[in-house]
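Asker: Whatever this is, show me its structure:
(one chain, ligands or ions: 1)
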Amino acid sequence: MRVYGSLLSPYVMRAVLAARLKGHDLPVAMPEGGLKSPAYLAMNPIGKMPCLADGDFHLPESAVIAEYLEEVLEGPSLLPGDAKARAKARLLARFADLYLAPALTPIFRARDNPEAVPAALEALSNALGQLEALRGADTAWAAGDTPSLADATLMPVFFFLDAFDGTFGTAKLLDAHPGLKAWWARARASDEGRRMVAEQGAALAAFMAPKAA
Ligand SMILES: N[C@@H](CCC(=O)N[C@@H](CS)C(=O)NCC(=O)O)C(=O)O
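Answerer: Residues are numbered from 1 along each chain as shown. Reported below is the predicted structural model:
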């Protein structure tokens, strides 16, 4: 199995992290010819990253990939507990996809459209408050006592709160949400968190380097 994409993408990292949390390392690489090449579009007509290749089976969309990996890989369950606990993990992951990550996008593109940043910061702050409320009581991991698909989804997104903090004060937004702040501190300090932060940091630096030149 392999994943097409770059580790800078929180969606690619989600797939990679889901595998790692189950004890597996998936190789990651950009597709030869890029995301819009005929060869890649034949695998993934959406033309975005990630796309999982499992033999000749190709699967796009990070949430679906993470659930597939949960089903096919040996290792600890990333959807542990009863139906309610599993629904909670899925809910937090879905919230990240639908509300949290989109609020970060204009901040990522601030160079191209700086006017969009204040509204994005407000949306981000609002989304963090909603996430804190959805999560309820703080638990060791995002949705319970063990890692779940919610952690695999949220951790790569929270990396960007730290990465953009110096310019936009994004990590400081967590001061208003102590449960999330405590979860992120623990997740970031875990073995998988430290590895992820190092990899995303290196990928972000490489991405920014040509723009700074
Ligand atoms: N819903 C998709 C989102 C994937 C996505 O937006 N990927 C971005 C990178 S973060 C991408 O491939 N952008 C390049 C493009 O759209 O051409 C998923 O969860 O996999």
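Asker: what ranges do the helices span in this structure?
Answerer: Assigned by DSSP state H, the chain shows helices spanning 10-21, 38-43, 62-72, 83-95, 101-108, 117-135, 149-163, 165-168, 178-189, 191-212.
Asker: Is it possible to get TSV of those helices that adds distance to Ala53 and mean pLDDT?
Answerer: (Each C-beta comes from the backbone N, C-alpha and C, glycine too.) Converted to TSV, the helices of the chain look like this (distance: least, Cβ to Cβ, whole Å; pLDDT from 0 to 100):
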stretch	distance to Ala53	mean pLDDT
helix 10-21	11	98
helix 38-43	7	98
helix 62-72	10	98
helix 83-95	22	97
helix 101-108	24	93
helix 117-135	32	96
helix 149-163	19	98
helix 165-168	35	94
helix 178-189	28	98
helix 191-212	20	91
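Asker: JSON lines for those helices, including mean neighbour count and distance to Glu32?
Answerer: As requested, these are exported to JSON lines (neighbours: other Cβ atoms under 10 Å; distance: least, Cβ to Cβ, whole Å):
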{"stretch": "helix 10-21", "mean neighbour count": "26", "distance to Glu32": "16"}
{"stretch": "helix 38-43", "mean neighbour count": "13", "distance to Glu32": "7"}
{"stretch": "helix 62-72", "mean neighbour count": "20", "distance to Glu32": "20"}
{"stretch": "helix 83-95", "mean neighbour count": "17", "distance to Glu32": "30"}
{"stretch": "helix 101-108", "mean neighbour count": "18", "distance to Glu32": "26"}
{"stretch": "helix 117-135", "mean neighbour count": "17", "distance to Glu32": "34"}
{"stretch": "helix 149-163", "mean neighbour count": "25", "distance to Glu32": "24"}
{"stretch": "helix 165-168", "mean neighbour count": "13", "distance to Glu32": "34"}
{"stretch": "helix 178-189", "mean neighbour count": "17", "distance to Glu32": "33"}
{"stretch": "helix 191-212", "mean neighbour count": "14", "distance to Glu32": "18"}
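Asker: Tabulate those (TSV), appending distance to the ligand.
Answerer: Putting the helices of the chain into TSV (distance: least, Cβ to the nearest ligand atom, whole Å) gives the following:
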stretch	distance to the ligand
helix 10-21	4
helix 38-43	10
helix 62-72	4
helix 83-95	10
helix 101-108	8
helix 117-135	16
helix 149-163	9
helix 165-168	18
helix 178-189	19
helix 191-212	11
